[in-house]
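Asks: Can you look at this prediction? I've put the sequence above it.
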Amino acid sequence: MWILPLCSISVLYGYLNGYNNLSNISLSIIYLGSLLLIIFSSPKSNPLTINVTQLKKVEKVSISILLGILILNNILGIIQFVFNPFNHYPRDDAFIGIYGRHGVAQHGLAILNGFFVMYYMIKIFNGSKKSVIDIGYLIFFLISHVLCFYGLGFLMLLCVIFIYIVYKYISFKNVIRIILGGICGLYMFAYFFSGVYDYMAENINYLFRLLGDVDYDAVYIPGKIRVWMAYFDEYINGNLGLFLFGTGPGGFNSRVSFLLNADSSNLLVKVLGNSMPHLHKEVIHPIWDMSVISMDKYNDGTRNQPFSSIVALLSEYGVIFTVILFRLLYLEIKRIANKVNNSTLKDFICLGSIYVFINMILDNFFEFSECWAFFLFLFFIKINIIIKENESAIYP
């Protein structure tokens, strides 16, 4: 496989040229290596020795546990949001359940609920009969997703849903229905969550005022845009070696680079110490420095976070590694989808993959545990394929 040697080249190039250090490299390789093992692992078994019943039981129990934990967490989160027993401010931070209050954790919870929204939406659309239970699950997970108040995540979910509906049911009437439904949804959101809506509206208005400033160089450009600008300045228009091979893992804007930087205080920092690779310190850290962001300036939100897994892969591993990785991901996901006969699962695999990719453009999602959850789901699909193949072998 090309990934290992290309990753080794990136590590050596970044470390030997002073762009990176061992702590960032080691932690990043553990993160990425573990995820890639899950993605590209292909479970194999001998049909004469496989215990089909046991495999089915493990698969069913694992999925049931995940679904049960998420439902309980969401119910607790709804109670927290309604009664706000811990006086969270702003109030939208109250919906956490047992997931944790950190903003990144709430983003992950929203995305996890988003996966279930997509699944039950696809199941309802593909079913000849509309199950009341499935509709209830869809509404429940959609409400839970919205109550996480991850605005950008909600827009990404709507984008993926729109792609699915257009692909499956493209017609003028359906487009009108989508537009009208979106307008009604916006009004309902503004009515029931007026405080959060006002904050988001002021945030957006502030952004447009900034972008309308004649002296654009003096404008505080959102971090989501600045991180891409920084990549083009430092890599595309800069050093060819950086463009091809990157700084090495953890050297620019990946989640690991933020976990170990000067603003962080966590278990990893206690073990490895604070670490600021050159380009992270000079280019990325000033964008998301805790000393310059605040709610009063409306620059503390998601739009100003310089997070993007696409940028992280391109900048830290290089363009060659990134292109080959996405090619291999595409082929692996296509291979799994082609072996699935169930139309709901097939559509969910395709739509979920698009959802993952969009999240990777706008957040460091490739290092989120929720990204692992999706690829673990695909791993269970592989096990399910093995079960069916071996059932055919044992009971022809």
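Replies: Here it is on my side, so go on.
Asks: which outside residues touch stretch 137-145?
Replies: For stretch 137-145, contacts defined as C-beta atoms under 8 Å, 6 or more residues apart in numbering pick out 71, 74, 77-78, 95, 110, 113-114, 116-117, 120-121, 124, 153-154, 157. C-beta coordinates here come from the backbone N, C-alpha and C atoms, glycine included.
Asks: one more time with 10 Å, if that's ok
Replies: Outside stretch 137-145, the residues within contact range by C-beta atoms under 10 Å, 6 or more residues apart in numbering are 67, 70-71, 73-75, 77-78, 81, 95, 97, 109-124, 131, 153-154, 157, 185.
Asks: Could you do stretch 333-345 as well?
Replies: So stretch 333-345 is in contact with 39, 42, 119-120, 122-127, 346-350, 352-353, 356, 375, 377-379, 381-382, 384-385, 388-389, going by C-beta under 10 Å, 6+ apart.
Asks: same thing but at 8 Å, please
Replies: Contacts with stretch 333-345, where a contact means C-beta under 8 Å, 6+ apart, come from 119, 122-123, 126-127, 346, 349-350, 353, 378, 381-382, 385.
Asks: who wins for neighbours among the residues you listed?
Replies: In terms of neighbours by other C-beta atoms under 10 Å, the contacts of stretch 333-345 top out with I122 at 23 neighbours.
Asks: which stretch of helix or strand covers it?
Replies: Taking DSSP states H and E as the definition, I122 sits inside helix 103-126.
Asks: Could you give me the buried positions within that helix?
Replies: Across helix 103-126, burial judged by 16 or more other C-beta atoms under 10 Å covers 104-124.
Asks: Would you confirm that L351 contacts N126?
Replies: No. Contact between L351 and N126 fails when scored by C-beta atoms under 8 Å: they sit 11.6 Å apart.
Asks: ok, now which ones touch N364?
Replies: Here N364 is in contact with N253, S254, R255, F258, F307, S308, S309, A312 (C-beta under 8 Å, 6+ apart).
Asks: swap the cut-off to 10 Å and go again
Replies: For N364, the contact set (C-beta under 10 Å, 6+ apart) comprises 104, 107, 253-258, 305-312, 371.
Asks: Y119 too?
Replies: For Y119, the contacting residues are D134, Y137, L138, F141, T344, L345, D347, F348, L351, G352, F377, by C-beta under 10 Å, 6+ apart.
Asks: how close does G136 sit to L66?
Replies: According to C-beta to C-beta, to the nearest Å, G136 stands 18 Å off from L66.
Asks: the more surrounded of those two?
Replies: The neighbour comparison of G136 against L66 (other C-beta under 10 Å) goes to L66, with 16 against 11.
Asks: Could you name the specific helix or strand carrying the more buried one?
Replies: helix 52-83.
Asks: Please report the number of neighbouring residues for N359.
Replies: Neighbour count of N359, defined by other C-beta under 10 Å: 27.
Asks: my read: it touches E367, true?
Replies: No. If you go by C-beta atoms under 10 Å, N359 and E367 don't touch, sitting 11.2 Å apart.
Asks: shared neighbours of the two, which are they?
Replies: What both N359 and E367 touch, as defined by C-beta under 10 Å, 6+ apart, is the set S309.
Asks: and D289, how many neighbours?
Replies: D289 is flanked by 12 other residues according to other C-beta under 10 Å.
Asks: Name the SS class of it, please.
Replies: coil (DSSP: H, G, I helix; E, B strand; the rest coil).
Asks: which residue packs closest to it, ignoring adjacent ones?
Replies: Once flanking residues are discounted, D289 sits nearest to D263: 7.0 Å by C-beta to C-beta, 6 or more residues apart in numbering.
Asks: Show the pLDDT at K173.
Replies: K173 is assigned 65 on the pLDDT scale.
Asks: go on, C350?
Replies: Looking at C350, its pLDDT stands at 91.
Asks: Ok, M295 next?
Replies: 52.
Asks: Any regions of the stretch 201-350 of the chain where pLDDT drops low?
Replies: The stretch 201-350 of the chain contains residues with pLDDT under 70 at 201-220, 290-301.
Asks: tally of neighbours for V146?
Replies: 23.
Asks: Going by residue numbers, what spans are strands in the stretch 101-250 of the chain?
Replies: Under the criterion DSSP state E, counting those that start in this stretch, the stretch 101-250 of the chain contains no strands.
Asks: Next, the buried residues of stretch 246-255.
Replies: Quick answer for stretch 246-255 (16+ other C-beta under 10 Å): G246, T247, G248, P249, G250, G251, F252, N253, S254, R255.
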